[in-house]
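Participant: got a predicted structure plus its sequence, pasted below:
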Amino acid sequence: MQRVRFELPGGTLSALQFGDPTTPLRLVFCHANGFNGQSYRAVLEPLGVHALALDLRGHGMTDLPCDVPRLANWQIFADDIAEFFNRKVDAPIVLAGHSYGAVSGVLSMPQVKKKVAGYVGFDPVLVPWLFRQIATTASCRAYMKRRIPIARKAGQRKSVFDDLEMAFARYQGRGAFKGVPDGILRDYLQGGLIETNDGQMRLACDPSWEQAIFAAQAHNIFRHIPLLPDNSRIVFAGARGHVSTAGQRKRLQRLQPGVSVEFQPTYNHLFPLQEPAFASEVLRSVLDRAVS
């Protein structure tokens, strides 16, 4: 694993590179909101292929600018993915992501579909129509930040720690990291903490940006589902914190009948980090079909 950086308009996109970089790129992975590319090392490293885990705008070591008040949807992340593909992807590869990263990948499809040989979505967030409508106005997004529990808690998140070990002790086995192996938590922290001038460690993803992403729901993933290749697997979770309904999943399947839409009722939203071997198997199956 090594860190690599790519110049994009406005700044630098950082990524973690896995596998042999002298071989063709096979996979690009996009993380969940508040996380970073390194968080998924246990998922991507065992694949043994040349893969890149991007740090999306406002996360990890990427330094692209973040405009919190104006963020109304996730299109800017899709545009970053597309810009990266235009500059660095030569042949069709597998595009994958978790949660908001999975959605951002779908939103990028109008721009990248000719370079996508397969897609994997781990629990992409399917937002009800009403939320998409109210997120178009700044005042409603401000209301959502106060009223939606996950957004409110994100904005209140402690962001500065004395050192990595203090951050580890705060997160270990708690909240979103309940059930997440300690090694994956350390990967998240190593890829998501930046040293300050006074020697402390701060979250690379500012809490206000993470909160803004949760409220910025004025996009429509369903519009672009028909563009996904048949070699696609979308795995939804059904336990604590589920982000889809049965009706939404059926609609998604109707829009692209060739896609494998799956439901894991005992998994929760962070299952790729809690069950990395399962996530690796899903990715491997799509990678295998992409070259068969």
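Facilitator: Good, I have the coordinates.

Participant: the nearest residue to residue 277 once chain neighbours are set aside and residue 235, how far apart?
Facilitator: Among residues not flanking residue 277 along the chain, residue 46 sits closest, at 7.8 Å (C-beta to C-beta, 6 or more residues apart in numbering). Yep, even glycine has a C-beta here, placed from its N, CA and C like the rest. Here residue 46 is placed at a distance of 17 Å from residue 235 (C-beta to C-beta, to the nearest Å).

Participant: neighbour count: the two, which is higher?
Facilitator: Using other C-beta atoms under 10 Å as the criterion, residue 46 and residue 235 rank with residue 235 on top: 22 against 16.

Participant: ok, residues contacting stretch 65-73?
Facilitator: Stretch 65-73 is contacted by residues 10-11, 57-58, 135-136, 138, 141, 206, 208-209, 212-213, 216-219 when judged by C-beta atoms under 8 Å, 6 or more residues apart in numbering.

Participant: buried members of those into ChimeraX, please.
Facilitator: A single ChimeraX command is used to select the members of those judged buried by 16 or more other C-beta atoms under 10 Å:
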select :57,58,135,141,206,208,209,212,213,216,217,218,219
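
Participant: these two touch, right, residue 119 and residue 227?
Facilitator: No: counting by C-beta atoms under 8 Å, residue 119 stays clear of residue 227, with 9.5 Å between them.

Participant: compare those two (neighbour count), which wins?
Facilitator: Neighbour count, other C-beta under 10 Å: between residue 119 and residue 227, residue 119 has more, with 26 against 17.

Participant: which residues touch the closest residue in space to that one that isn't next to it in sequence?
Facilitator: Setting aside the residues directly before and after it, residue 119 is nearest to residue 232 in space (C-beta to C-beta, 6+ apart), at 4.1 Å. By C-beta under 8 Å, 6+ apart, residue 232 lies in contact with 118, 119, 120, 121, 256, 258, 259, 260, 286.

Participant: how about the strands of the stretch 51-200 of the chain, start to end?
Facilitator: Remark: strands assigned in the stretch 51-200 of the chain by DSSP state E, counting those that start in this stretch are 51-54, 93-98, 116-122, 160-161, 193-195.

Participant: can I get those strands in CSV including distance to residue 251 and mean pLDDT?
Facilitator: Putting those into CSV (distance: least, C-beta to C-beta, whole Å; pLDDT from 0 to 100) gives the following:
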stretch, distance to residue 251, mean pLDDT
strand 51-54, 28, 98
strand 93-98, 20, 98
strand 116-122, 15, 98
strand 160-161, 42, 94
strand 193-195, 39, 95
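
Participant: nearest to residue 39, out of those?
Facilitator: Among the strands of the stretch 51-200 of the chain, strand 51-54 comes nearest to residue 39, with 8.1 Å by C-beta to C-beta.
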